[in-house]
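>>> My questions concern the predicted model and sequence given below.
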Amino acid sequence: MKEIFNRRSIRKFQDKPVEKEKIERLLRAAMQAPSAGNQQPWEFIVVEEKETLNKLSEMTIYSKPAKEAPLAFILLADTSNLRHQSFWQQDLSAALENILIEAVYLELGTVWMGVATNEAAEKFLIDMYQLPDYIKPFALVAIGYPDEQENVFVDRYKPDKVHYEKWTQKNKCNSLEGK
């Protein structure tokens, strides 16, 4: 549980490569994720070349951390044989969350950069990698040894977000106080 509670988005990385053994552990963690009907639609592009990382950093204004990272994964979904068409994004989310948590265990930092909800980012990756129609870009995740930031616990628990047995409307004006 420590890894879940300590995980943070890390956007600055040391100039130090990630070991091949750790890369494989991250990929293995991803592939242990649950998926709808066990369809396992995930595909991964592992990027370590600096020139490619620099290009990926230009995908959106939010993808800049890829430039500083020694490693990035591009998560893709193969939608060609899905039995449960509408669940691939959930499947990929579970796989990516496993990567983020395993990275903390391996003393690595990560930042998840969404692609699936951004048409321009999707097109960028489709064009860059000449992806066929049935391969859907989902996310870019920068990975490396944290620099200036660290994975530390920040309590995000908010009891007012929990509802027992029924929905209870909160006073929106009061919930904005202190923000």
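Received the coordinates, thanks. Numbers count the residues shown, from 1 in each chain.
>>> May I have the strands that pair with the longest strand seen in the chain, each with its orientation?
Ranked by residue count and defined by DSSP state E, the top strand of the chain is strand 135-144. The pairing partners recorded for strand 135-144 under DSSP bridges are strand 71-78 (antiparallel), strand 109-114 (antiparallel).
>>> I'd like the ones you listed as CSV, with distance to residue 120, mean neighbour count and mean pLDDT appended.
C-beta coordinates here come from the backbone N, C-alpha and C atoms, glycine included. Supplementary listing: these in CSV, determined by distance: least, CB to CB, whole Å; neighbours: other CB atoms under 10 Å; pLDDT from 0 to 100:
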stretch, distance to residue 120, mean neighbour count, mean pLDDT
strand 71-78, 15, 22, 98
strand 109-114, 12, 23, 96
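>>> could you dump these to CSV with distance to residue 95?
Shown next, in CSV, are the strands paired with strand 135-144 (distance: least, CB to CB, whole Å):
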stretch, distance to residue 95
strand 71-78, 7
strand 109-114, 11
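>>> Okay, helices next: where are they in this protein?
In the chain, the helices defined using DSSP state H lie at 2-6, 20-31, 50-56, 65-68, 88-105, 119-129, 172-175.
>>> Mind telling me which residue is nearest the centre of this structure?
The chain has residue 112 as the residue nearest its centroid, 3.5 Å off, counting by CA atoms, centre = their mean.
>>> before we move on, back to that, and of the strands paired with strand 135-144, who's closest to residue 125?
strand 71-78 (6.4 Å; CB to CB).
>>> still on that earlier bit, what angle sits between the longest strand of the chain and helix 119-129?
90 degrees (axes from the mean of the first three to the mean of the last three CA atoms, to 10 degrees).
>>> what mean pLDDT would you report for strand 135-144?
What strand 135-144 shows for mean pLDDT is 98.
>>> got the buried residues for it?
By neighbour count with 16 or more other CB atoms under 10 Å, strand 135-144 contains the buried residues 135, 136, 137, 138, 139, 140, 141, 142, 143, 144.
>>> now swap in stretch 31-45 and tell me
33, 35, 36, 39, 41, 42, 43, 44, 45.
>>> can you count the residues close to the residue lying closest to residue 89 once chain neighbours are set aside?
Nearest non-adjacent residue to residue 89, counting by CB to CB, 6 or more residues apart in numbering: residue 116, 5.8 Å away. Neighbour count for residue 116, taken as other CB atoms under 10 Å: 18.
>>> Please tell me how far residue 116 sits from residue 59.
13 Å (CB to CB, to the nearest Å).
>>> again, but for residue 128
8 Å.
>>> what residues are up against residue 102?
3, 25, 26, 29 (CB atoms under 8 Å, 6 or more residues apart in numbering).
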